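Trainee: Fold the stuff below for me.
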Amino acid sequence: MMDSMPFELKLEEYQGPLDKLLELIEAKKLEITQLNLAEVTADFLAYVQTLEGTAEDGGAPPALLADFLVVASRLILIKSKALLPDLTLSEEEEGEVADLEYRLRLYRELKEGQCHLAKGWSVFPLMHTREFLMGSEALFYPPTRLTAGDLAAAFGRVLGELERIAKPTAHLKSEIENLSKKIEEVLARLTGAPLGLGALRRSGSRGELVVLFLAILHLLKTQLVKVEQADRFGEIIVARREENA
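Mentor: As a prediction, this is how the structure comes out:
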């Protein structure tokens, strides 16, 4: 199967890869307040629709969706700080923001490492081997004081790390692989009276809140909903627009 074309934004202010956009904003070469995040979301959703049926599970690859959610989270965080510089957070909220920033930095480092390995692999696919041992029988020479208990403990630590890494991935996929469904869900729940952002949330996870926020941005872009906020830090109220409005 041929690889799909990589996702690139086509906005008035910027055209190119999504991760490059984040890089320019963090380097202050592009003003975050000039960026329409609703257009970013709309572009990505349109791209995902072109991938229907191309992945083994009949949709966009989970890695692509995860990449978008991470970058979108960072963009939302940066823009929020730019628009609300005097916002005072509680100790718990500051801890959550710090945790998100740490995870995003870690993710960026992993992406850089991935690109470095991919570049080296394309030049010399067997770069991890030792040429003078190629063709030799694979042997394992354990340290003389190594015991079966040491091996069991080491494998236990590896499995523990894999489990810790794999669980968020599965949880992340369940939250982001159906952004279109989240948009449909919001519209369905707004058939009656307007609802607050808190009432539209189904869980307390930050991942679910980001997906909900992106869904509302998309609906604002397509003028299917309207939002109101009575005061600066008040509850955000979302209402469905009338068809003839």
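Trainee: Kindly state the domain boundaries assigned to this protein.
Mentor: What automatic domain parsing lists as the domains of the chain is 8-118, 176-240.
Trainee: Quick check: what element follows the helix or strand of the chain with the lowest mean pLDDT along the chain?
Mentor: Ranked by mean pLDDT, DSSP states H and E, the weakest helix or strand in the chain is helix 148-176, scoring a mean of 69. Per DSSP states H and E, the first helix or strand lying C-terminal to helix 148-176 is helix 179-189.
Trainee: and that following helix, what does it pack onto?
Mentor: helix 37-50, helix 206-221 (3 or more CB pairs under 8 Å, 6 or more residues apart in numbering; DSSP states H and E). Heads up, the C-betas are built off the backbone N, CA and C, glycines and all.
Trainee: 6 Å - rerun?
Mentor: Applying 3 or more CB pairs under 6 Å, 6 or more residues apart in numbering; DSSP states H and E, we find helix 179-189 packed against helix 206-221.
Trainee: how about the helix or strand just after the helix it packs on: buried residues?
Mentor: Once the chain leaves helix 206-221, the next helix or strand it forms, by DSSP H and E, is strand 225-229. By 16 or more other CB atoms under 10 Å, the buried positions in strand 225-229 come out as residue 225.
Trainee: outside of strand 225-229, which residues touch it?
Mentor: With contacts defined as CB atoms under 6 Å, 6 or more residues apart in numbering, strand 225-229 is touched by 219, 236, 237, 238, 239, 240, 241.
Trainee: For the third one, grab phi and psi.
Mentor: As for residue 237, its main-chain torsions (degrees, to the nearest 10) stand at phi -100, psi 130.
Trainee: a markdown table for the domains of the chain, including distance to residue 163?
Mentor: Listed next are these as a markdown table, based on distance: least, CB to CB, whole Å:
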| stretch | distance to residue 163 |
| --- | --- |
| domain 8-118 | 18 |
| domain 176-240 | 19 |
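Trainee: quick one: which of the ones you listed has the weakest pLDDT on average?
Mentor: Within the domains of the chain, confidence is poorest for domain 8-118, with a mean of 73 (mean pLDDT).
Trainee: Straight-line length of it, end to end?
Mentor: 20 Å (CA to CA, to the nearest Å).
Trainee: spatially speaking, which residue is in the middle of the chain?
Mentor: Nearest to the geometric centre of the chain sits residue 69, at 1.9 Å (CA atoms, centre = their mean).
Trainee: In terms of helices and strands, where is that one?
Mentor: Per DSSP H and E: helix 62-83 holds residue 69.
Trainee: So what's the gap between that helix and the chain middle?
Mentor: Chain-centre distance of helix 62-83: 6 Å, with CA atoms, centre = their mean, to the nearest Å.
Trainee: same deal with stretch 150-163?
Mentor: On CA atoms, centre = their mean, the centre of stretch 150-163 falls 28 Å from the chain's centre.
Trainee: Then stretch 190-204?
Mentor: 23 Å.
Trainee: who touches that stretch?
Mentor: Applying CB under 6 Å, 6+ apart, the contact partners of stretch 190-204 are 212, 235, 236, 237, 238, 239, 240.
Trainee: can you count the residues close to the second one?
Mentor: Read it as residue 235. Neighbours of residue 235 under the rule other CB atoms under 10 Å: 13.
Trainee: which one is it nearest to, not counting chain neighbours?
Mentor: Take residue 235 and drop its neighbours on the chain: the residue closest to it by CB to CB, 6 or more residues apart in numbering is residue 196, 4.6 Å away.
Trainee: How about the contacts made by residue 25?
Mentor: residue 32.
Trainee: Please report the distance of residue 95 from residue 106.
Mentor: Relative to residue 106, residue 95 is positioned 16 Å away (CB to CB, to the nearest Å).
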